[in-house]
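> Sequence first, then the predicted structure:
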Amino acid sequence: MKSFVAERGVVAPMDRANVDTDLIIPKQFLKSIRRSGFGPHLFDDLRYLDEGQPGQDCSKRPVNPDFPLNQPRYQGASILLARENFGCGSSREHAPWALEDHGFRCIIAPSFADIFYNNCFKNGILPIVLDEHVVDTLFRELYANEGYELTVDLEEQQVTTPNGDIYSFEVDEFRRHCLLKGLDDIGLTLEDADAIRAYELGSRERSPWLFDVIR
Amino acid sequence: MSGQTLYDKLWQSHLVRQRDDGSALIYIDRHLIHEVTSPQAFEGLRMAGRKPWRLDANLAVPDHNVPTERVERSGGVAAIADPVSRLQVQTLDDNCRDFDIVEFEINDVRQGIVHVVGPEQGATLPGMTVVCGDSHTSTHGALGALAHGIGTSEVEHVLATQCLIQQKMKNMLVRIDGRLQPGVLAKDVVLAVIGEIGTAGGSGYAIEFGGEVVRNMSMEGRMTMCNMSIEAGARMGMVAVDDTTLEYVKGRPYAPRGAMWERAEQAWRELRSDDHAHFDRVVVLRGEDIKPQVTWGTSPEMVLPIDGCLPDPANIENATERAAVERALHYMGLQAGMPITAIRPDRVFIGSCTNSRIEDLRAAAAVVRGKRVAASLKQALVVPGSGQVKKQAEAEGLDKVFIEAGMEWREPGCSMCLAMNADKLGQGEHCASTSNRNFEGRQGFGGRTHLVSPAMAAAAAIAGHFVDVRDW
Ligand code: SF4
């Protein structure tokens, strides 16, 4: 897994509540059996004026000029500023894959949907929860200043604005540790193989109907 | 000392290891697999040279991409017209063969939507931890199981270790007291709950549905409610085990039998929250107050009773909320203040893991029997949730009722719920749909979804606009 320690980058706005995973990456792109290449289709329905198809050349498509990611001032953004319940809907990991592929390393919002939040950490993306009024302030500053950048530090658990305001954020210790080190959590879990086998023995005693049924 | 909730019990009994940092290793009893979220996980296993930890915990079935038209379907995987869909279904077959995982293939009579198939086959049982790379895995919680969706990285993690690293959720009780009015179904109840707590209301919680209404509900109804827990923001929803659960499970192909059944039943009877269990949040609704529900906007919380009128952004103070309502009205092509009953669907979809079980089809058939769909309708699709549901419905003659009413009777799959196959809405079309998500573009690019119960969808198909099925 990719590690995340700190990031300083341009911020792009996604100024609406309840952004769902269908909006982040529409279903026709879920037919891919690969993990990469979703970036050009991030927010496809909002970004382009036509309906996207998997495998097409997006450079020839009509773009929606009103959509922030199409505007010059947000090019190269690596931090996405969003509203509440970001990432609601399906469990598709294609959503963080598309965000990551497009270049986003960090998403800041007042709240995230549970599955999406979890999926971000598996893909080297840091989702940060900040208070709603802090997010409001950041949106205001972002709109007022072209080239607005934030600095995010996972070690210190802080977001720093260009004028030096510092906002602290919470993140649970295990996820922080894995993300900082870029750890493969399957490998970590397999270190507990003996505990898993011991659990299975006990479970087989207690609830034998759970084993050897689907063959 | 306060007692344990159902969720606490399920969590406790699957705890392999509690780590000091607050995370826990949780054992997974059943892993369901479908074609969309698994290919990258199998690829990950291959690349790391890993093998599945325990084969008999896994069951696979293709559902999202499969065609539902008989002609295309009858040719099996090779006949899927869309080459990208075909490759995905083929990849599932190949992976299951390579890794030796049991799969109900495309034309197996046991095939169907993964969340219909699991309970129907007894592959998901009370007291289990159940996961699948699909957010509507919450459905299986209706059996008294701890069931939730996971991403593809976690699919790989479960395949490789039979465990997941989890943080414990908070407990929420959603209690529906009293009785439902005739014509009001489980779908209306869960939509009303979402209307009450919002699509983020359950975030961070495991929801338990209880109260007299849920106790009197069939398993199909409970599955409909747990299915949509995710639309209320909760990864999981569950219902305590009772006689209804046990009767449903008994005799299913993978359910325990004989002496083993006796033992299991005894254990399963404990699967309910203790009398003094502590819930971090309790939400109470009165069954009598719940009317048939229709969503008007682009989020499941944008829902109103059938006699309601659309909101007017001019009356909304909060700016983010006002913008959301404005955007939704614009996307849906609807006017502020108009009555729900004035909305005219172009298509009707009865199906999905929310409402494609036999009871749902019976409820819809009862409404359309002997009638014809409105001339204004472009299409009315009925898509059974599984091959077994289809067989049962045909044995009861429900297929004929639908066909005689001018509806299409299809092969099982996800179909127009998310439009990954050929079944989709055209741009700007309105759909009365029994599925679970009304997001922009969900049922087709520019499509406009209204979530309703199967009875309400059927009534709208006949009337040509939304009507109160209580007056039917
Ligand atoms: S029916 Fe719809 S919600 Fe259910 S699994 Fe299929 S696509 Fe997902």
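Received it, and whenever you're ready, just let me know what you need.

> Could you identify the longest helix within chain B?
Secondary structure of chain B per DSSP state H: the longest helix is helix B:83-99.

> just checking, what packs against that one?
Here helix B:83-99 touches helix B:39-48, going by 3 or more C-beta pairs under 8 Å, 6 or more residues apart in numbering or on different chains; DSSP states H and E. Quick note: C-beta positions are derived from backbone N, CA and C, even for glycine.

> Show me which parts of the helix it packs on are buried, residue by residue.
Residues of helix B:39-48 classed as buried: B:39, B:40, B:41, B:42, B:43, B:44, B:45 (neighbour count, 16 or more other C-beta atoms under 10 Å in any protein chain shown).

> Assign a three-state SS to the residue of chain A found nearest the ligand, would you?
Closest residue of chain A to the ligand, C-beta to the nearest ligand atom: residue A:90 (6.9 Å). Recorded secondary structure, residue A:90: coil (DSSP: H, G, I helix; E, B strand; the rest coil).

> same deal with residue B:56?
When classified by three-state DSSP, residue B:56 comes out as helix.

> Any idea how many residues pack against the closest residue to residue B:242 other than its chain neighbours?
Once flanking residues are discounted, residue B:242 sits nearest to residue B:215: 6.7 Å by C-beta to C-beta, 6 or more residues apart in numbering or on different chains. Using other C-beta atoms under 10 Å in any protein chain shown, residue B:215 has 15 neighbouring residues.

> and if you look at residue B:231?
Residue B:231 has 28 neighbours, counted by other C-beta under 10 Å.

> Ok, residue B:165 next?
Neighbours of residue B:165 under the rule other C-beta under 10 Å: 21.

> swap in the one 5 residues further on?
Neighbouring residues of residue B:170 were enumerated by other C-beta under 10 Å; the total is 15.

> That one reaches residue B:207, doesn't it?
No: applying C-beta atoms under 8 Å as the test, residue B:170 and residue B:207 come out as separate, 10.1 Å apart.

> In chain A, mark out all the strands, start to finish.
A:6-14, A:79-82, A:106-109, A:126-129, A:149-153, A:158-160, A:166-168 (DSSP state E).

> With respect to burial, which of the ones you listed scores highest?
Ranked by mean neighbour count, the strands of chain A are led by strand A:79-82 with a mean of 25 (mean count of other C-beta atoms under 10 Å in any protein chain shown).

> ok and the residue in the stretch 251-400 of chain B nearest the ligand?
Sorted by distance to the ligand under C-beta to the nearest ligand atom, the residues of the stretch 251-400 of chain B start with residue B:353, at 3.3 Å.

> so who does that residue touch?
The contact partners of residue B:353, taken as C-beta atoms under 8 Å, 6 or more residues apart in numbering or on different chains, are B:113, B:114, B:115, B:116, B:136, B:139, B:227, B:385, B:414, B:417, B:436.

> On the pLDDT front, check it for me.
pLDDT for residue B:353: 98.

> Mind putting the buried residues of helix B:39-48 into a markdown table with pLDDT and distance to chain A?
Shown next, in a markdown table, are the buried residues of helix B:39-48 (pLDDT from 0 to 100; distance: C-beta to the nearest C-beta, whole Å):
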| residue | pLDDT | distance to chain A |
| --- | --- | --- |
| B:39 | 97 | 4 |
| B:40 | 96 | 5 |
| B:41 | 97 | 9 |
| B:42 | 97 | 9 |
| B:43 | 96 | 8 |
| B:44 | 95 | 8 |
| B:45 | 96 | 9 |
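
> hmm, which two among those residues are most spread apart?
By the measure C-beta to C-beta, B:39 and B:45 form the most distant pair in these, at 11.0 Å.

> Enumerate the residues of chain B near the ligand.
Residues of chain B found near the ligand, taking C-beta under 6 Å from any ligand atom as the criterion, are B:63-64, B:113, B:115, B:134, B:136, B:352-353, B:414, B:417-418, B:435-436.

> out of the residues you listed, which are inside helices?
Per DSSP H, the residues of chain B next to the ligand map to helices at residue B:115.

> From the residues of chain B next to the ligand, pick the one nearest chain A.
residue B:418 (5.1 Å; C-beta to the nearest C-beta).

> So for that closest one, what's the nearest residue that isn't a sequence neighbour?
Distances taken as C-beta to C-beta, 6+ apart place residue A:27 nearest to residue B:418, at 5.1 Å, with adjacent residues excluded.

> which residues touch that neighbour?
Residues in contact with residue A:27 (C-beta under 8 Å, 6+ apart) are B:418, B:419, B:420, B:442.

> Residue B:164 now?
Contacts of residue B:164 by C-beta under 8 Å, 6+ apart are B:25, B:26, B:28, B:131, B:150, B:154, B:157, B:158.

> now the first one, what's its secondary structure?
Pointing back at residue B:25 there. strand.

> ok, now which ones touch it?
Applying C-beta under 8 Å, 6+ apart, the residues near residue B:25 are A:189, A:192, A:195-196, B:15-19, B:163-166.

> Okay, and the beta partners of it?
Beta-bridge partners recorded for residue B:25 (DSSP bridges): residue B:17, residue B:165.

> where does chain B dip in pLDDT?
For chain B, applying pLDDT under 70 flags the ranges B:1.

> ranges for the helices of the stretch 51-200 of chain B?
For the stretch 51-200 of chain B, applying DSSP state H, counting those that start in this stretch gives helices covering B:70-74, B:83-99, B:114-121, B:152-161, B:186-197.

> go on, chain A?
For chain A, the helices defined by DSSP H cover A:21-24, A:44-47, A:94-102, A:114-121, A:132-144, A:173-181, A:185-190, A:193-206.

> Show me what counts as buried in the fifth one.
Translated: helix A:132-144. Across helix A:132-144, burial judged by 16+ other C-beta under 10 Å covers A:134, A:135, A:138, A:139, A:141, A:142.

> Please work out the average pLDDT along it.
Per-region confidence: helix A:132-144 scores 98 on mean pLDDT.

> Burial check on residue 54, number of neighbours?
Picking chain A for this. The local packing of residue A:54 (other C-beta under 10 Å) involves 15 other residues.

> hm, I was asking about chain B
Neighbourhood size, residue B:54 [other C-beta under 10 Å]: 17.
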